[in-house]
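S.K.: With the input below, show me the fold.
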Amino acid sequence: ARWAATLSPADCAKAMDDLQKLPAGAKRDAMLGALYESWAKQDPQGFLASSSKMTDPIARQASTTKALSSWATQDPKAALDWLTKNPGATNAIQTQEYNAIIAGYASKSPSEAFAFVTALPDGATANSPEARAKISAMQALVGGMADQGNFSDALAMIGQLPATSAIQTQAYNALVSQWIADSPADAAQWITSQDPTQFPQMRQYTNALVQNWAMTDPIAAAQWAATQDAANQANNPNAGGFGGRGGRGGNNLLASAVGEMVASGDVEQAGTYLNSLQAGTEKDSAVAAFITGAASDDPAGAMNWIPTISDPNMQARMTNVVVSTWNQQDPDTFNAYLATLDPATAQQLQQDAQNGFGGGFGGRGGRGGFGGGIGGGFAGGGVAGAVPGAGAAVPAAPNINYGNGNAGGRTGRGGRGGRGGGGGG
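M.R.: Just a heads-up that it's a prediction; the model follows:
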């Protein structure tokens, strides 16, 4: 791609003619894609004038969108006029190209772009093509502002839209989605400052924030999640640790952060953080998420975390999760573990394993679709607890034995040695 960036628009035109004479193939197509993109950014009008000669339709379409967005930063009305005369081949392409112009317009003059979009027709019904197009354009506008890091002005503009309307909700969704991805600490500060009763989607925001933040700064995400859970518990003591209705995501955000650490392979860091927490409902939920995620890779190590849970009912539930998983995946090792226990305990665990258990603690919500599309909303946001990646063994719980067990945690596949075993019986 670097070579293409050094070419002038005239050189791009000549290089395109030369490349298109070569036999089709992955290498040639990649070079054409880089060439189209460079040309589209430098000389969008020249690129669009020559686009009919381009033989790679996929690369041409992607670069056409970039050309329109680039042109809109210079002359949005001319770009819109071009699109009117050269409509996209399908409704989806037309919408994509139109929104690219709006995003470019927003980076040139946010206030003018906002006035333009708000003046678009509302449509006869909330689900009419006009209404959907207007919402989509507004999402593109705030996305263009977010690309420039202009979150504060975008928030001010969204605040001018009709309160709780579909267009305002989807605009917030688009902006917060990008904010979470680009600057989770700043997004967290904004979320904390808001009245959750004014945002029905606040729970989705907080869940998405914790899951995404935990991938880049898991300790910061866990610490913020813990403060939010504490605030939610104070404001709504009946929210509960398992999917309760707290103001900002129920009282389970810490569990989500810990589950994300395990799912991302930061098992040892998650265990270290859990060891720093005081016993209580908050820690119980987080440990349960940790155990659910770790059970597949290191069931013996996961078993050693169960006694750190203070709630007897949750202890029993997580025991079922681990022994069921262990018995299904590696019955020989599970039976060897049972042989180290006293007969009554071994018999109870064997029965639990045979009865099975219909799922662990929650399950990490999906990320796809966050803020995307008309009414796209959020995909997921459940309590965490996904299976960790291969190669991660569970760190030891602090001085905990399970029953009379002396079985050590199994070595993680291709990773750290197991450290989850209990002491001698």
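
S.K.: residue furthest from the geometric center of this structure?
M.R.: Taking C-alpha atoms, centre = their mean, the residue of the chain most remote from its mean C-alpha position is residue 343, at 45.5 Å.

S.K.: What residues does that residue make contact with?
M.R.: Residue 343 is in contact with no residue at all, counting by C-beta atoms under 8 Å, 6 or more residues apart in numbering. Where you see a C-beta, it was placed from the backbone N, CA and C, and this is true even at glycine.

S.K.: Next one: it from residue 304, what distance?
M.R.: Counting by C-beta to C-beta, to the nearest Å, the separation of residue 343 from residue 304 is 21 Å.

S.K.: coming back round to it: need the pLDDT of the residue farthest from the centre of the chain.
M.R.: With respect to pLDDT, residue 343 has a value of 94.

S.K.: next one: residue 57
M.R.: The model's pLDDT for residue 57 equals 89.

S.K.: and what of residue 349?
M.R.: 93.

S.K.: Any stretches of the stretch 301-425 of the chain with poor pLDDT?
M.R.: Scanning the stretch 301-425 of the chain for pLDDT under 70 picks out 357-425.

S.K.: Could you count how many residues lie near residue 175?
M.R.: Residue 175 is flanked by 25 other residues according to other C-beta atoms under 10 Å.

S.K.: Identify each buried residue in the helix or strand hosting it, please.
M.R.: For residue 175, the enclosing helix or strand under DSSP states H and E is helix 166-182. By neighbour count with 16 or more other C-beta atoms under 10 Å, helix 166-182 contains the buried residues 166-181.

S.K.: what helices or strands is it leaning on?
M.R.: With contacts taken as 3 or more C-beta pairs under 8 Å, 6 or more residues apart in numbering; DSSP states H and E, helix 166-182 sits against helix 129-147, helix 151-158, helix 184-193, helix 202-216.

S.K.: Out of those, which is closest to residue 281?
M.R.: Residue 281 lies closest, by C-beta to C-beta, to one member of these: helix 202-216, at 17.8 Å.

S.K.: so what secondary structure elements neighbour the closest one?
M.R.: Against helix 202-216 (3+ C-beta pairs under 8 Å, 6+ apart) you get helix 166-182, helix 184-193, helix 218-235, helix 253-263.

S.K.: In the helix or strand just after the last one, which residues are buried?
M.R.: Using DSSP H and E, the next helix or strand after helix 253-263 towards the C-terminus is helix 267-275. Using 16+ other C-beta under 10 Å as the test for burial, helix 267-275 gives 267-271, 273-274.

S.K.: Can you lay out the helices and strands packed on helix 202-216 as CSV showing distance to residue 12?
M.R.: Supplementary listing: those in CSV, determined by distance: least, C-beta to C-beta, whole Å:
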stretch, distance to residue 12
helix 166-182, 31
helix 184-193, 38
helix 218-235, 44
helix 253-263, 44
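
S.K.: Could you export the ones you listed as TSV, including mean pLDDT?
M.R.: As requested, those are exported to TSV (pLDDT from 0 to 100):
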stretch	mean pLDDT
helix 166-182	97
helix 184-193	96
helix 218-235	88
helix 253-263	92
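
S.K.: For residue 54, which of the ones you listed is the nearest?
M.R.: Short answer: helix 166-182, nearest of the helices and strands packed on helix 202-216 by C-beta to C-beta, at 30.5 Å.

S.K.: and the closest one, C-alpha only, in PDB?
M.R.: Taking C-alpha atoms only, helix 166-182 is exported to PDB below (Å, rounded to 0.1, in the frame of the first residue of the first chain):
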ATOM      1  CA  ALA A 166     -35.700   6.400  18.000                       C
ATOM      2  CA  ILE A 167     -33.300   8.700  16.200                       C
ATOM      3  CA  GLN A 168     -31.900  10.000  19.500                       C
ATOM      4  CA  THR A 169     -31.500   6.500  21.000                       C
ATOM      5  CA  GLN A 170     -29.800   5.100  17.900                       C
ATOM      6  CA  ALA A 171     -27.500   8.200  17.700                       C
ATOM      7  CA  TYR A 172     -26.400   7.600  21.300                       C
ATOM      8  CA  ASN A 173     -25.900   3.900  20.500                       C
ATOM      9  CA  ALA A 174     -23.600   4.700  17.600                       C
ATOM     10  CA  LEU A 175     -21.600   7.300  19.500                       C
ATOM     11  CA  VAL A 176     -21.200   5.400  22.700                       C
ATOM     12  CA  SER A 177     -20.200   2.300  20.700                       C
ATOM     13  CA  GLN A 178     -17.300   4.100  19.100                       C
ATOM     14  CA  TRP A 179     -16.400   5.900  22.300                       C
ATOM     15  CA  ILE A 180     -16.100   2.600  24.200                       C
ATOM     16  CA  ALA A 181     -13.900   1.300  21.400                       C
ATOM     17  CA  ASP A 182     -11.700   4.400  21.100                       C
END
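
S.K.: chain center to it, what's the gap?
M.R.: 13 Å (C-alpha atoms, centre = their mean, to the nearest Å).

S.K.: next one: stretch 213-232
M.R.: Counting by C-alpha atoms, centre = their mean, stretch 213-232 comes out at 15 Å from the chain centroid.

S.K.: Test my guess that residue 151 contacts residue 181.
M.R.: No. Judged on C-beta atoms under 8 Å, residue 151 makes no contact with residue 181 at a distance of 11.8 Å.

S.K.: Quick check: closest non-adjacent residue to residue 264.
M.R.: residue 215 (5.5 Å; C-beta to C-beta, 6 or more residues apart in numbering).

S.K.: and that neighbour, what pLDDT?
M.R.: Residue 215 is given a pLDDT of 91.
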